[in-house]
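Visitor: Sequence and predicted structure, then a few things I'm wondering about:
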Amino acid sequence: IDITMFATQWLLTLYTSSFPWELVTRVWDAFLAEGWKMVYRVMLALLEQASPQLLKLSFEDILGFLRDLPLTVQAKPTLDAAFRIPLKRKIVHKFELEWLAKQKEKKW
């Protein structure tokens, strides 16, 4: 499953499109203090929390699960998990460069 199939809406709206307001306000506070790193941490925490269920689902069911995921998210456990993820800016930049290189390859 390609990340653009579910994460684009989360990232473009910084979770405001469908997540609980409690999570959104806390993500925005952290975003203003730490930048994009916190937004990525939240996405990783969401996927980590959902991974036991995701691994049991078919492709079609995964898309439906991720569509409905915002309705089931609890802010505190998600943010606690996000803050425990040791994500460094250098690592984020490395993955960004890899993604850009893949996108460039797709164009050729």
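Guide: Now that the structure is in, tell me what you want to look at.
Visitor: Now do the same for Val73: helix, strand or coil?
Guide: Secondary structure for Val73, judged by DSSP: H, G, I helix; E, B strand; the rest coil, is coil.
Visitor: What is the burial count for it?
Guide: Val73 has 19 neighbours, counted by other Cβ atoms under 10 Å. Any C-beta I mention is one placed from the backbone N, CA and C, and that applies to glycine too.
Visitor: likewise Arg41?
Guide: Neighbour tally, Arg41, other Cβ under 10 Å: 23.
Visitor: contacting residues for it?
Guide: 82-83, 85, 87 (Cβ atoms under 8 Å, 6 or more residues apart in numbering).
Visitor: and the residue positioned nearest the centre of the chain, what helix or strand is that in?
Guide: Centre of the chain computed as the mean C-alpha position; nearest residue by Cα atoms, centre = their mean is Met43, 2.0 Å away. Per DSSP states H and E: Met43 is located in helix 36-54.
Visitor: What residues sit buried inside that helix?
Guide: 37-43, 45-46, 49-50 (16 or more other Cβ atoms under 10 Å).
Visitor: can you check stretch 76-94 too?
Guide: Buried residues in stretch 76-94, defined by neighbour count with 16+ other Cβ under 10 Å: 78-79, 81-82, 87, 92.
Visitor: List just the nearest of those residues to Leu23.
Guide: Taking Cβ to Cβ as the measure, Thr78 is the one of these closest to Leu23, at 6.2 Å.
Visitor: Does that closest one touch Leu44 like I think?
Guide: No - in this structure, Thr78 is not within contact of Leu44 by Cβ atoms under 8 Å, at 10.4 Å.
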